[in-house]
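Enquirer: Sharing a sequence plus its predicted fold:
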Amino acid sequence: MTFAVVVLMPPPPQAVYRLEDVAQALKGGSLTPRFGRPLVREMLPAPPPEPADPPAPSAHARRQLAVLLSVPEDDVRLTQHLTFPGRLHRTLGIGGQAMEVRHETMMAGALEPPPPGEPPGRRRFRVFIAGPAGGPPPMMALREMGPPMFGEFSAAVRQSDGRWLVVRPQPEPFLNDWQGRVLLWLAGCLLLVAPLGYFFARRITAPLDRFARAAETLGRDPSGPLMALSGPAEVGAAARAFNDMQVRLKRFIDDRTAMVGAISHDLRTPLARIRFKLEGAPKPVKDAVLADVAQMEAMITSVLAFIRDASAARPRERLDLLSLLECLVDDAGGQDLSVLEASVPVTVEADALGLQRLFGNLLDNAVKYGARGRVRVFQDDGHAVVEIADDGPGLGAGDLERVFQPFYRAEAARTLDGGGVGLGLAVARSIARAHGGDVVLVSSAAGLTARVRLPLSVR
């Protein structure tokens, strides 16, 4: 379309100047000709360069200009840069108008008398605007006003002090009329094409948006709804492959969870037999082994509870995090916990029981290993952030990630044994990631801070 606009637009017309206007400017008169651009006048020590063999129209115009200035021809210089538009139009034979300059000699008693004051036999010029090839005959002719000049030129006359007074057209503006028309046509074409382009772009990118949302949903909850199988055949095939992947991931997670649950459950039977066989053992041995058995049973109970919570399909709902945390702190009655009020409501869409277990584990750790805990809730970059800080000894840099491994207990936890089995932080991170968030630990001289990030509710 852009090519068509540039090719089919009429070519920019060449500026036409009358010799009479040029002569008036060289005499000190007006610099605004009747046709063409305004003129500029300057004094130079030497005349503008002139071609060695000027074309016949330029030579004749120079003689005419000398007559109009009433000076010898040697004191006049006239250089024309003859350029004629429309070459591409004429070559392709599509539209456009061609300029034709005819030299005619008007003699006394010829077809029409010369204008008043013009001597018979004066060479005169007609400029005809011809129609397209095969079209009607010439439609109009400009008034005969002496030899015209087209396009760029420079005219000079020698002054009495030897310098040369030069007149030439002002330079073309940065955006001339023809360029302005072309830009308007291009802008119109853009306005015409833009809605169609936007429509097709949306048709192309809409499936990508759906895939992005489905991938984010899968990352937050593998049990989430499957992707809709709508759109072109290629998009439908990709959506089916995505849904198959989600089903396989969900099956893999369920199978692994079920296997761990079965193993944990089956371990209870040999532990029960060990308890029975220890009844006749000496007391020191019996007490030591029973302590180990109790610890193993606690670990099995924690694993089964985690699997039970992970396997249960619970609906998600909008929750006010500040209210949830205040309820947990109140339920912990007697423990040194405080909640700082949030400046704005912080709402998430989550499983209420899952978040209760997540924050309950973190609050228990804060009180158990840090004496007291402080809770702060705020928003940051589209996420809800909960920080639970304590006054405990903190953790070494190497333990900040390792403590999230199941059954791993840092040295401080083993020293201050509170009956845990090393699953609390692993469960907390698992729940946070199932909601599209995460849990990280930051240790400082003041203690340890657990920072939980969860996506804010979009509704």
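Expert: Good, I have the coordinates.

Enquirer: Could you use CA atoms for every contact and neighbour count after this?
Expert: Fine.

Enquirer: Buried ones in stretch 214-224, by neighbour count?
Expert: Neighbour counts using 16 or more other CA atoms under 10 Å place 214-215, 217-220, 222-223 of stretch 214-224 among the buried residues.

Enquirer: starting at the chain centroid, how far to the helix or strand hosting A237?
Expert: Using DSSP states H and E, A237 sits within helix 233-277. Taking CA atoms, centre = their mean, to the nearest Å, one finds the center of helix 233-277 at 42 Å from the center of the full chain.

Enquirer: mind listing which of the buried residues of stretch 214-224 are in helices?
Expert: Here DSSP state H is the test, and the buried residues of stretch 214-224 give 214-215, 217-220 as lying in helices.

Enquirer: mind checking pLDDT for S457?
Expert: We have a pLDDT of 84 for S457.

Enquirer: Kindly report the same for A23.
Expert: Looking at A23, its pLDDT is 90.

Enquirer: mind checking the SS state of it?
Expert: In three-state terms, and counting by DSSP: H, G, I helix; E, B strand; the rest coil, A23 is helix.

Enquirer: Tell me, how many residues neighbour it?
Expert: Counted by other CA atoms under 10 Å, the residues lying close to A23 total 23.

Enquirer: circling back: out of the ones in helices among the buried residues of stretch 214-224, which is nearest to R240?
Expert: For these, the closest approach to R240 (CA to CA) belongs to A214, at 12.0 Å.

Enquirer: picking up where we left off before, just the buried residues of stretch 214-224: which has the poorest pLDDT?
Expert: The weakest per-residue confidence within the buried residues of stretch 214-224 falls on R220 (68).

Enquirer: can you count the residues close to S430?
Expert: Residues near S430, counting by other CA under 10 Å: 19.

Enquirer: what's next to whatever helix or strand it lives in, contact-wise?
Expert: Per DSSP H and E, S430 falls inside helix 424-434. Contacts to helix 424-434, defined as CA atoms under 8 Å, 6 or more residues apart in numbering, come from residues 219-221, 306, 354-355, 357-359, 361-362, 403-406, 438-439, 452-454.

Enquirer: Over to stretch 285-301?
Expert: 264-265, 267-268, 271, 275, 278-279, 421.

Enquirer: picking up where we left off before, helices or strands next to the helix holding A237 in the packing?
Expert: Packing contacts for helix 233-277, counted by 3 or more CA pairs under 8 Å, 6 or more residues apart in numbering; DSSP states H and E, involve helix 177-220, helix 283-311.

Enquirer: 7 Å - rerun?
Expert: For helix 233-277, the packing partners by 3 or more CA pairs under 7 Å, 6 or more residues apart in numbering; DSSP states H and E come out as helix 283-311.

Enquirer: List the strands paired with the helix or strand following the helix it packs on, with their directions.
Expert: Using DSSP H and E, the helix or strand that follows helix 283-311 in sequence is strand 317-320. Applying DSSP bridges, strand 317-320 is found paired with strand 347-350 (antiparallel).

Enquirer: how distant is the partner strand from the center of its chain?
Expert: Between the centre of strand 347-350 and the centre of its chain there are 30 Å (CA atoms, centre = their mean).

Enquirer: Quick one: mean pLDDT for the next helix or strand after that strand?
Expert: Next helix or strand after strand 347-350 toward the C-terminus (DSSP H and E): helix 352-370. Mean per-residue pLDDT for helix 352-370: 87.

Enquirer: Distance to A389 added to the ones in helices among the buried residues of stretch 214-224, as TSV?
Expert: Formatted as TSV, those follow (distance: CA to CA, whole Å):
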residue	distance to A389
A214	35
A215	33
T217	31
L218	31
G219	28
R220	26
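
Enquirer: May I ask which two of the residues you listed are separated the most?
Expert: A214 and R220, at 9.9 Å, using CA to CA across those.

Enquirer: where in the stretch 301-450 of the chain is pLDDT low?
Expert: Where the stretch 301-450 of the chain drops to pLDDT under 70, the residues are 308-313, 333-336, 342-343, 411-421.

Enquirer: now do 90
Expert: Along the stretch 301-450 of the chain, the model assigns pLDDT under 90 to residues 301-317, 322-323, 325-346, 349-354, 357, 360-361, 363-374, 380-382, 390-437, 443-447.

Enquirer: what does the stretch 151-300 of the chain give?
Expert: Across the stretch 151-300 of the chain, the ranges flagged by pLDDT under 90 are 151-154, 160, 170-194, 196-240, 242-243, 246-247, 249-300.

Enquirer: What of the stretch 1-150 of the chain?
Expert: Applying pLDDT under 90 to the stretch 1-150 of the chain flags the ranges 1-22, 25-26, 28, 30-38, 46-67, 73-74, 78-150.

Enquirer: distance of P284 from R275?
Expert: Using CA to CA, to the nearest Å, P284 is found at 14 Å from R275.

Enquirer: Which one's more surrounded, the two?
Expert: Taking other CA under 10 Å, P284 and R275 do not tie; R275 has more neighbours (14 against 8).

Enquirer: From V293, how far off is the more buried one?
Expert: Distance of R275 to V293, computed by CA to CA: 8 Å.

Enquirer: and R374, backbone torsions?
Expert: Main-chain dihedrals, R374, degrees, to the nearest 10: phi -120, psi 130.

Enquirer: hang on, it packs against E326?
Expert: No - in this structure, R374 is not within contact of E326 by CA atoms under 7 Å, at 11.5 Å.

Enquirer: Overlap in contacts, these two.
Expert: Residues touching both R374 and E326 by CA atoms under 7 Å, 6 or more residues apart in numbering: V339.

Enquirer: quick one, domains of this protein?
Expert: For the chain, the structural domains run 2-106+121-172, 248-311, 317-455, going by automatic domain parsing.

Enquirer: Of all those domains, which one is nearest R181?
Expert: Among these, the nearest to R181 by CA to CA is domain 2-106+121-172 (8.7 Å).
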